[in-house]
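*Asks:* Predicted model, plus sequence, below.
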Amino acid sequence: MLADHIGRSFIGRIVCMMLLATSTACVQLPVEELPPTSPYASFIGVEYRVVGDVSAYGIYERADGRKVLSYVELIPGSGISGSLVESKGPLVKGQQIKILSAWRMHIFGITQGVYYVVTSQDKNLLYDVPIRIELSRGNEGVDSDLNPAVYERLAK
């Protein structure tokens, strides 16, 4: 009876969507590298200078009963938190990053988002895991570019 009510009510649907979204927040989603013909391909190899407030966050996954660093996410503004998230601190303005590849995430067969794998000159970000910039949370600019208020594109 309760399940029927939740399934039919607007609030119930919202609650279910929130539970689904939060349950996948720190889960490694299936990914695919985007081909050289994708609209993101023209950004591979492009360098940027950090001009806005950006922080690095270590994203962990549980493996064999312990937390293992999976990747580092660069996020402008207020950032994220959670039991599998660790703040690595702010990036220094003026630091340069370079886009190495573009990837698409999927959940339940639905495209979830795109992120770039980047390299950084910041020695504090040297880990044996990828550094990612997801095209969301303020990182996104126009036409697959990074946000120009946060990342200044450098001439080639």
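*Replies:* On my side now, so go ahead.

*Asks:* Would you agree Met105 is in contact with Ser136?
*Replies:* No: if you go by Cβ atoms under 8 Å, Met105 and Ser136 don't touch, sitting 10.4 Å apart. Backbone N, C-alpha and C define where each C-beta goes, glycine included.

*Asks:* for the residue minimising distance to the centre of the chain, what are its contacts?
*Replies:* Central residue of the chain (Cα atoms, centre = their mean): Glu134, 3.2 Å from the mean position. Residues counted as contacts of Glu134 (Cβ atoms under 8 Å, 6 or more residues apart in numbering) are Glu73, Ile75, Gly113, Val114, Tyr115.

*Asks:* Quick check: the gap between it and Ile75.
*Replies:* To Ile75, Glu134 is 8 Å away according to Cβ to Cβ, to the nearest Å.

*Asks:* thinking Leu69 is in contact with Val129, fair?
*Replies:* Yes: using Cβ under 8 Å, Leu69 is in contact with Val129, at 5.4 Å.

*Asks:* now the helices: where do they sit in this structure?
*Replies:* With DSSP state H as the criterion, the chain has helices at 2-8, 10-23.

*Asks:* The shortest one - what's its average pLDDT?
*Replies:* What helix 2-8 shows for mean pLDDT is 51.

*Asks:* quick revisit: which among the contacts of Glu134 count as buried?
*Replies:* Among the contacts of Glu134, those buried by neighbour count (16 or more other Cβ atoms under 10 Å) are Glu73, Ile75, Val114, Tyr115.

*Asks:* Now do the same contact list for the first one.
*Replies:* Neighbour list for Glu73: Ala56, Tyr57, Ile59, Ile80, Arg132, Ile133, Glu134 [criterion: Cβ under 8 Å, 6+ apart].

*Asks:* Tell me the bridge partners for the nearest residue to the fifth one once chain neighbours are set aside.
*Replies:* Residue nearest to Arg132 in three dimensions, not counting chain neighbours: Tyr115, with 4.7 Å by Cβ to Cβ, 6 or more residues apart in numbering. When bridges are assigned using DSSP bridges, the partners listed for Tyr115 are Trp103, Glu134.

*Asks:* Show the model's pLDDT score for Tyr115.
*Replies:* 93.

*Asks:* switch to numbering from 59
*Replies:* Understood, numbering begins at 59; the last thing we discussed is Tyr173.

*Asks:* Tell me the pLDDT of Leu77.
*Replies:* Per-residue pLDDT puts Leu77 at 48.
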